[in-house]
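Asks: Okay, predicted coordinates and the sequence, questions at the end:
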Amino acid sequence: MTIKFNQLPRKSLGLFPTPLAELNHFAQYLKGPRILIKRDDLTGLALGGNKTRKLEFLIADALKQGCDTIITAGAAQSNHCCQTAAAAAKYGLDCHLALGGKAPDTLAGNLLLDDLLGAEIHWTGAFRKGETISDIVTKLTQEGYKPYVIPYGGSNEIGALGFIEAIKELQMQLDLLDIQISHIIFPTSSGGTHAGMIIGKSIFAKNDFKVMGIGIDKGEAGDIPFDEHILSLANSTAEKLKIDIKYTLEDIIVNNEYLGDGYGVVGDLERRAIRLLAETEGILVDPVYTGRAMGGLISMIEKGELSTKDIVLFWHTGGSPALFPYSEEIIKGDSGENQ
Ligand SMILES: *Cc1c(COP(=O)(O)O)cnc(C)c1O
């Protein structure tokens, strides 16, 4: 199968490859499998994150279509929205963000960054998945702008390309180290990362491994179950690339055991994971996504669902700006290792 990625429209936004490292001290503490970490928190666009990879393809498409304005949507502390604002800034595009909730008194975390990056924010109350974007598009079009809509999370057939490419990048790094992993574990929420990884694995992986997303959002991605949403995105992306593979639900592994009290509600699982990784490795995970996924990984090791024969790769998808606005929720509780 030959996919000519260098022929797909793509605009540089990040510093790739991102580092691949090993969590020696953390793994020793847990007495489980070897654990590697792929540092997409260090993509180099604003404060980093997995959306940089999707945006390299999405921004290229916007420019190809001659658009001058980017619109996207998310939660108030959306990493995707912040990364989009940074990407738009780099390519001289206006950026409008439809954010759930209402304007806060002070700008913290990603909201501060959105503001610094020059994005215009539209507060959308109960909606955080782009339900109100069409109104903004209509208004901007009437004003003479040419808007380009990036869906919630940047998860469509174009955004997913970033994670097909990411698996190619990872396989090259694993080759150099002569390591064969058994699992990739990461937070999954709008599905583009997951769908891209599955296709990337089909094309580039040299050994079989499990691509396991830890579910983050109870609300899921719409009317259909989340795994079906990922499946349909993987198949439509493969079709667009003329790759002759049809995925089935068996290819989609979503672990929904760690949803806790829902999206963005910090619990003991996240608090413990954030502290344990920080205290053993000096690496920070965030309260909404990577803290929950890392909490899931810790729990799977402690329950014996992963063994010392496995080699697990934790994909750090970013999110650190949210540590600050969530500081109260992170500090409270009694689950820190040293408390
Ligand atoms: C968006 C995001 C995810 C989830 O990626 P999807 O492609 O939306 O499933 C995971 N971690 C972080 C930090 C994110 O910002």
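Replies: That came through fine.
Asks: who's in contact with the strand or helix carrying Ala60?
Replies: Element membership for Ala60 (DSSP states H and E) is helix 51-64. Under the criterion CB atoms under 8 Å, 6 or more residues apart in numbering, residues 8-14, 16, 40, 43-45, 70, 79-80, 83-84, 87-88, 91, 93, 148, 150, 153-155, 158-163, 165-166, 192-193, 196, 318 lie in contact with helix 51-64. The C-beta positions use only the backbone N, C-alpha and C, and glycine is treated the same way.
Asks: Go through these and flag which are in strands.
Replies: In this view, the contacts of helix 51-64 that belong to strands under DSSP state E are Ile70, Tyr148.
Asks: Intersect the contacts of helix 51-64 with the contacts of the ligand.
Replies: Near the ligand, taking CB under 6 Å from any ligand atom as the test, the members of the contacts of helix 51-64 found are Asn79, His80, Gly153, Ser155, Gly192, Thr193, Gly318.
Asks: Retrieve the pLDDT associated with the second one.
Replies: The reference is to His80. Confidence at His80, expressed as pLDDT, is 98.
Asks: Could you count how many residues lie near the closest residue to it other than its chain neighbours?
Replies: Spatially, and ignoring its direct neighbours in sequence, His80 is nearest to Lys51 (4.7 Å; CB to CB, 6 or more residues apart in numbering). Number of residues near Lys51 (other CB atoms under 10 Å) recorded here: 37.
Asks: For the stretch 101-250 of the chain, give me the ranges with low pLDDT.
Replies: Within the stretch 101-250 of the chain, the segments meeting pLDDT under 70 span 219-222.
Asks: Output the set of residues of it in proximity to the ligand.
Replies: Gly153, Ser155, Pro187, Thr188, Ser189, Ser190, Gly191, Gly192, Thr193, His194.
Asks: quick one: the fourth one and Val254 touch, right?
Replies: So that's Thr188. Yes. Contact criterion CB atoms under 8 Å: Thr188 and Val254 qualify, at 6.1 Å.
Asks: Quickly list the domain ranges of this protein.
Replies: For the chain, the structural domains run 5-49+156-331, 51-154, going by automatic domain parsing.
Asks: mind listing the helices for the stretch 51-200 of the chain?
Replies: For the stretch 51-200 of the chain, the helices defined by DSSP state H, counting those that start in this stretch occupy 51-64, 79-90, 110-116, 133-142, 161-177, 192-204.
Asks: For the closest residue to His316 other than its chain neighbours, give me its contacts.
Replies: Sequence neighbours aside, Asp41 is the residue nearest to His316 in space, at 4.7 Å (criterion: CB to CB, 6+ apart). For Asp41, the contact set (CB under 8 Å, 6+ apart) comprises Leu47, Gly48, Gly49, Leu284, Thr290, His316, Thr317, Gly318, Gly319, Ser320.
Asks: Select, out of the helices of the stretch 51-200 of the chain, the one closest to Phe324.
Replies: Smallest distance to Phe324 across these (CB to CB): 8.6 Å, for helix 110-116.
Asks: buried stuff in that closest one?
Replies: Neighbour-count burial for helix 110-116, counted by 16 or more other CB atoms under 10 Å, picks out Asn110, Leu111, Leu113, Asp114.
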